[in-house]
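Peer 1: my questions concern the predicted model and sequence given below.
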2 protein chains.
Amino acid sequence: MSKQNTLFKDAYNRSLIQLGGTQTLPSEPEMAASLQVSRTTVRAILQRLADEGLIAWDKRSKIVLRAPLADDYFPSAETHSTHDVVERGFMKRLMGADVGSQINELELARELGVGTSSVREFLIRFSRFGLIEKRPNSHWVIKGFTRGFALELADIREMFEVRSALAFVQLPKTETIWTGLDKIEVEHRALKASIDSDYGQFSELDERFHRLIHGSTDNRFIIEFYDIIAMVFHYHFQWNKKDEKKRNAAAIDEHLAYITALKSGDSIEAELTCRRHLRSARATLMASTPAT
Amino acid sequence: MSKQNTLFKDAYNRSLIQLGGTQTLPSEPEMAASLQVSRTTVRAILQRLADEGLIAWDKRSKIVLRAPLADDYFPSAETHSTHDVVERGFMKRLMGADVGSQINELELARELGVGTSSVREFLIRFSRFGLIEKRPNSHWVIKGFTRGFALELADIREMFEVRSALAFVQLPKTETIWTGLDKIEVEHRALKASIDSDYGQFSELDERFHRLIHGSTDNRFIIEFYDIIAMVFHYHFQWNKKDEKKRNAAAIDEHLAYITALKSGDSIEAELTCRRHLRSARATLMASTPAT
DNA sequence: AATATGTCTTCTATCGTCAATAAACATTTG
DNA sequence: CAAATGTTTATTGACGATAGAAGACATATT
């Protein structure tokens, strides 16, 4: 079947949302920028919008004729790239898999309904997370999401983040990164106020906060390492919702203390609050990781 | 053309070397273990050895008939897997490439005479080194082997190795890793004695030494990080042989001081000698990296 | 003259295919 | 009866092919 036009479908759906607010659509390059796709795809979208009677398109004039209906959207299942399908399918299996068990590319591809190369490429990309390993000319071995993995991960995380926090404190207050911190602090206070209902939004805020801190180092290895943390938290806690509200509420307070320490410019205090938060994050992760 | 039998050819060549020393060959499983291939490949090798009149093969009896000649070996060009071909070809191009320039999978594949998927998979695997980056649905961007890269690499390396060295000192003397250190120390002294002629052997010893130190941590991220260092040193100094003898002689002395400190059990001294060596390694790397 | 649109070319993402290789199973041998 | 050999099956590694998407170039519009 070669390639699926999932990018087109996803961008088309997003363009329908944008359509709601205006009478005319902007120029093709502008649309390309806002949808994050090439002009080729934008033109395909415009073509379909016109065909479906949603807009009248003649060169520069793109007049909205009617608001989009639920039926105009592509089903969300069709908007996921093969890569996403493989990632989700694999992660679901990985979380429950035994240490030492093998991965069969062909079998996984068949189960997910994709080609073997998509699976292969995903596994290669995923291998940098240290959870699987390849035996050349042979199968992949699952090293498992174990306690050992969580500990090793937490150790490096602490090294990197303490270093970043100390670098952060040293940054001149004129840097734009401080504005980012202010903004994130406000978001923390807002979420704290509505924690009872919005606690599910914390994980996204958490990631942005830690990535901001890491931004102070300018070291690609530290910045890229956070991808592993983000992956672990994303998938692990997707299937471990226990005590989520309580955990997140506690983490917000730790973040706020951490932010205050950073702003104070006191290195000792910054390191202390940073380590305190990371220790608690580590404990949370360990508590929800099977003992084996 | 599907797959090339480079593994078979390489293993066949290696079996010819082994053939020199004996009158009979061992059992198939034993050969498989010694050549690091499956029995399927061993049997193909035996078949060819018999066809070429090098051995008389009848079930368990494998009698050597004659010593292998130069002509019996496959040309070494045929024994490199596609992966190796891509790696070498790519690295050669990368070292001279400009920051920000693009990589074209198809073009690279054509130049190297391999399929696109081999190139793709190599690039995906290589991307974990932080020297290239993918724009989804589009090209790869070269981030370049720059001074910045070298600095970032050296920073992380120092963090990790100091940590490993401190963990090393704490290990009980009963651990087998100490025997490994003793062995490596002897090798250092031997190489020091014959440095004038054998200085080229240092890089291999260097890698084994540092990997041994890292082995004390039991942290997969630290251990895997050394792959990046090894790659950089391997390829970078393959094209920068300037002052090699002098550099290596100095490094051996640094290693010996470092080893002595480790054996003394003195953490302060271990950290000091470790940092001293890494600083000098960093300086060497920086000195041979273009200023841009 | 700068920006937008129209057209064409090239490259990526993905699939199916097949030889090389590994691995599993069955049979023989010391 | 344990280890080796013989036989069969399944999986990986690599390729070419093709639709989707990006990008380059030419032309038109304000």
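Peer 2: Sure thing, it's come through. Numbering: from 1, shown residues only, chains lettered A, B, ... in the order given.
Peer 1: show me which residues of chain A sit near DNA strand C.
Peer 2: A:1-4, A:6, A:27-30, A:39-40, A:43, A:59-60, A:62, A:81-83, A:113-118, A:121, A:135, A:137-139 (C-beta under 7 Å from any atom of the strand). Heads up, the C-betas are built off the backbone N, CA and C, glycines and all.
Peer 1: right, is stretch A:94-108 up against DNA strand D?
Peer 2: Yes - using C-beta under 7 Å from any atom of the strand, stretch A:94-108 reaches DNA strand D at A:103-107.
Peer 1: from the residues you listed, which land in helices?
Peer 2: A:105-107 (DSSP state H).
Peer 1: out of those residues, give me the one that has the most neighbours.
Peer 2: The most crowded member of those, judged by other C-beta atoms under 10 Å in any protein chain shown, is A:Glu105 (16 neighbours).
Peer 1: thinking again about what came up before, make JSON lines out of the ones in helices among the residues of stretch A:94-108 next to DNA strand D and add pLDDT and distance to chain B.
Peer 2: Formatted as JSON lines, those follow (pLDDT from 0 to 100; distance: C-beta to the nearest C-beta, whole Å):
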{"residue": "A:Glu105", "pLDDT": "91", "distance to chain B": "12"}
{"residue": "A:Leu106", "pLDDT": "91", "distance to chain B": "15"}
{"residue": "A:Glu107", "pLDDT": "92", "distance to chain B": "19"}
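Peer 1: look up how far chain B lies from the closest residue to DNA strand C within chain A.
Peer 2: Nearest residue of chain A to DNA strand C (C-beta to the nearest atom of the strand) works out as A:Gly115 at 2.6 Å. Going from A:Gly115 to chain B by C-beta to the nearest C-beta, to the nearest Å gives 11 Å.
Peer 1: which ones are touching the residue nearest to that residue when sequence neighbours are not counted?
Peer 2: In this structure, A:Gly115 finds its nearest non-sequential neighbour in A:Ala109, 6.1 Å apart by C-beta to C-beta, 6 or more residues apart in numbering or on different chains. Applying C-beta atoms under 8 Å, 6 or more residues apart in numbering or on different chains to A:Ala109 gives the contacts A:115-116, A:118-119.
Peer 1: from those, which land in helices?
Peer 2: Short answer: these in helices (DSSP H) are A:116, A:118-119.
Peer 1: which among those gets closest to A:Leu94?
Peer 2: For the ones in helices among the contacts of A:Ala109, the residue nearest A:Leu94 by C-beta to C-beta is A:Val119; the value is 12.9 Å.
Peer 1: is it true that that closest one touches A:Asn104?
Peer 2: No - judged on C-beta atoms under 8 Å, A:Val119 makes no contact with A:Asn104 at a distance of 9.5 Å.
Peer 1: quick one, which of the two is more surrounded?
Peer 2: A:Val119 (25 against 12).
Peer 1: the closest residue to the more buried one other than its chain neighbours and A:Ser117, how far apart?
Peer 2: Distances taken as C-beta to C-beta, 6+ apart place A:Ala109 nearest to A:Val119, at 4.5 Å, with adjacent residues excluded. Separation of A:Ala109 from A:Ser117 (C-beta to C-beta, to the nearest Å): 9 Å.
Peer 1: and if you look at A:Leu131?
Peer 2: 21 Å.
Peer 1: those two: which is more packed in?
Peer 2: Neighbours were counted for A:Leu131 and for A:Ser117 using other C-beta under 10 Å; A:Leu131 has more, 20 against 14.
Peer 1: please name the nearest non-neighbouring residue to the more buried one.
Peer 2: A:Lys143 (5.6 Å).
Peer 1: touching, that neighbour and A:Val99? I think so.
Peer 2: Yes - if you go by C-beta under 8 Å, A:Lys143 and A:Val99 touch, sitting 6.6 Å apart.
Peer 1: buried set for stretch A:159-167?
Peer 2: A:159-167 (16 or more other C-beta atoms under 10 Å in any protein chain shown).
Peer 1: nearest to B:Arg189, of those residues?
Peer 2: Among the buried residues of stretch A:159-167, and counting by C-beta to C-beta, the member closest to B:Arg189 is A:Met159, at 33.9 Å.
Peer 1: report the contact partners of that closest one.
Peer 2: By C-beta under 8 Å, 6+ apart, A:Met159 lies in contact with B:159, B:163.
Peer 1: one more pass at 10 Å, please.
Peer 2: By C-beta atoms under 10 Å, 6 or more residues apart in numbering or on different chains, A:Met159 lies in contact with A:222, A:225, A:278, B:156, B:159-160, B:163, B:219, B:221-222.
Peer 1: got the angle for the host helix or strand of it vs helix B:147-170?
Peer 2: In this structure, A:Met159 sits in helix A:147-170 according to DSSP states H and E. Put simply, helix A:147-170 runs at 130 degrees to helix B:147-170, going by axes from the mean of the first three to the mean of the last three C-alpha atoms, to 10 degrees.
Peer 1: up against DNA strand D, what does the stretch 101-250 of chain A have?
Peer 2: A:103-107, A:116-117, A:120, A:134, A:136-140.
Peer 1: quick revisit: most neighbours of all the contacts of A:Ala109, which one?
Peer 2: Going by other C-beta under 10 Å, A:Val119 tops the contacts of A:Ala109 with 25 neighbours.
Peer 1: I figured that residue hits B:Glu121, correct?
Peer 2: No - A:Val119 is not in contact with B:Glu121 according to C-beta atoms under 10 Å; the separation is 11.8 Å.
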